[in-house]
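K.L.:
can't give you the sequence, but here's the structure:
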């Protein structure tokens, strides 16, 4: 370990209000950038002229880029600090985003999606490392609020780009404006980003194979992340194919999901305190399952949007409860358990687009959403066993 890094750890300042605001801004950057892709999906598919199954395999590149970048980010953040890694990755996000509107071949889109996914994954890991340290220094619960800003970014990204497209802007012009917003947020947050990495991770391996209860938590996180990723990648196409939505407005399905998830997360600490983890998992899983079913059987676009909103509301506090359970279990060190279930969760995002595309190719997108409803019922019934441990 370098002497510079050690000095940071020994003389570091306690993170205060400036760092808290910067952390919120970075979560907003990540959420905005990720969700800006949702309204672009139908346009990308139309440019390539490929079937659902093939397009699902292309979407796999986004998750693959994230999975590859995440463990590397742990090393880089420990060595260079959160500020440098978040800054470089955020600039990369802003540069890559417009190319999602330009890629005209399968190879081009695969490469751009992989770079986009790697940038998102890098920001995601680094900002969560910063969030953990800022929360500990504040000595109060702040994680739900941070993740609430990520969800708010989802509203700004999907809703903003959808509105720009609806106003007649081209996908390229819309993404260029989104990139300007990302750079502005980075500039605003830069001074509050921590110049050091996670000072409590010395000697810990980057990844451990989960076991016992941690493996089960990881499986459930996999299902929840898969469901969330399906809304991001497929909701716009579903609104077009099943409910005859205009392509410029199809991204509002993800917007409805993101608005509900934001509300749920911003109220999450209060809700969990009132109901407890067990009830949260039962109610939340049931709501998410019902939302998927409602979107499929909906007689019109408004009801379908309400279904996606129910999914967002239901899914909003499931993963935070699982993370709490991972921190309280005794079969593995808490930090390694959280790292393991995070990786398993992102595997759901990695495999989700291809799984949904495969089902849609051989049946329909509606059938794929029904399968996700079944998965959320499993979460609602099996999750409480974890919360009680």
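P.N.:
In hand now; what should we look at? All values derive from a computational prediction rather than experimental measurement.
K.L.:
Quick one: list the elements packing against whatever helix or strand residue 177 lives in.
P.N.:
Element membership of residue 177, judged by DSSP states H and E, is helix 171-189. If you count contacts as 3 or more CB pairs under 8 Å, 6 or more residues apart in numbering; DSSP states H and E, helix 171-189 packs onto helix 17-36, helix 82-96, helix 160-166. The way it works is simple: take the backbone N, C-alpha and C, and place the C-beta from them, glycine included.
K.L.:
Could you list the residues in contact with the helix or strand that comes right after the longest one?
P.N.:
If you walk from helix 17-36 toward the C-terminus, the next helix or strand you reach (DSSP H and E) is helix 41-48. Residues external to helix 41-48 that are found in contact with it (CB atoms under 8 Å, 6 or more residues apart in numbering): 55, 58, 100-101, 103-106, 109, 171, 233-234, 236-237, 240, 247, 250.
K.L.:
ok so, going back, how much distance is there from the helix holding residue 177 to the middle of the chain?
P.N.:
19 Å (CA atoms, centre = their mean, to the nearest Å).
K.L.:
pLDDT of it, averaged?
P.N.:
In this model, helix 171-189 has a mean pLDDT of 96.
K.L.:
circling back to that earlier point, of the contacts of helix 41-48, buried ones?
P.N.:
55, 58, 100-101, 103, 109, 171, 233-234, 236-237, 240, 247, 250 (16 or more other CB atoms under 10 Å).
K.L.:
In TSV, list those along with secondary structure and distance to residue 314.
P.N.:
Converted to TSV, those look like this (DSSP: H, G, I helix; E, B strand; the rest coil; distance: CB to CB, whole Å):
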residue	secondary structure	distance to residue 314
55	helix	27
58	helix	29
100	helix	29
101	helix	32
103	coil	34
109	helix	31
171	helix	31
233	helix	19
234	helix	18
236	helix	20
237	helix	22
240	helix	24
247	coil	27
250	coil	22
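K.L.:
Serialize those residues to a markdown table and add fields for distance to residue 64.
P.N.:
Formatted as a markdown table, those follow (distance: CB to CB, whole Å):
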| residue | distance to residue 64 |
| --- | --- |
| 55 | 15 |
| 58 | 11 |
| 100 | 16 |
| 101 | 21 |
| 103 | 16 |
| 109 | 13 |
| 171 | 23 |
| 233 | 13 |
| 234 | 17 |
| 236 | 21 |
| 237 | 20 |
| 240 | 26 |
| 247 | 26 |
| 250 | 25 |
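K.L.:
list the helices and strands whatever helix or strand residue 136 lives in packs on?
P.N.:
Residue 136 belongs to helix 106-138 when assigned by DSSP H and E. Helices and strands touching helix 106-138, by 3+ CB pairs under 8 Å, 6+ apart, are helix 17-36, helix 41-48, helix 52-80, helix 82-96, helix 143-154.
K.L.:
nearest to residue 178, of those helices?
P.N.:
helix 17-36 (4.7 Å; CB to CB).
K.L.:
Specify the angle between the closest one and helix 82-96 in degrees.
P.N.:
What separates the directions of helix 17-36 and helix 82-96 is an angle of 30 degrees, with axes from the mean of the first three to the mean of the last three CA atoms, to 10 degrees.
K.L.:
any idea how far helix 17-36 is from the chain center?
P.N.:
13 Å.
K.L.:
Packing partners of it?
P.N.:
Against helix 17-36 (3+ CB pairs under 8 Å, 6+ apart) you get helix 82-96, helix 106-138, helix 143-154, helix 160-166, helix 171-189, helix 252-266.
K.L.:
how does it look with 7 Å?
P.N.:
If you count contacts as 3 or more CB pairs under 7 Å, 6 or more residues apart in numbering; DSSP states H and E, helix 17-36 packs onto helix 82-96, helix 106-138, helix 143-154, helix 171-189.
K.L.:
Distance from the longest one to the middle of the chain?
P.N.:
It stands for helix 106-138. That offset, for helix 106-138, works out to 9 Å (CA atoms, centre = their mean).
K.L.:
for that helix, which positions count as buried?
P.N.:
For helix 106-138, by 16+ other CB under 10 Å, it's 109-135, 137.
K.L.:
And the helix or strand hosting residue 321, what does it pack against?
P.N.:
Using DSSP H and E, residue 321 falls within helix 318-328. Applying 3+ CB pairs under 7 Å, 6+ apart, one finds that helix 318-328 contacts helix 213-243, helix 277-297, helix 334-362, helix 365-387.
K.L.:
ok, and what's touching the helix holding residue 177?
P.N.:
22, 25-26, 28-29, 32-33, 36, 40, 43, 87, 90, 93-94, 97-98, 100-102, 157, 160-161, 164-165 (CB atoms under 7 Å, 6 or more residues apart in numbering).
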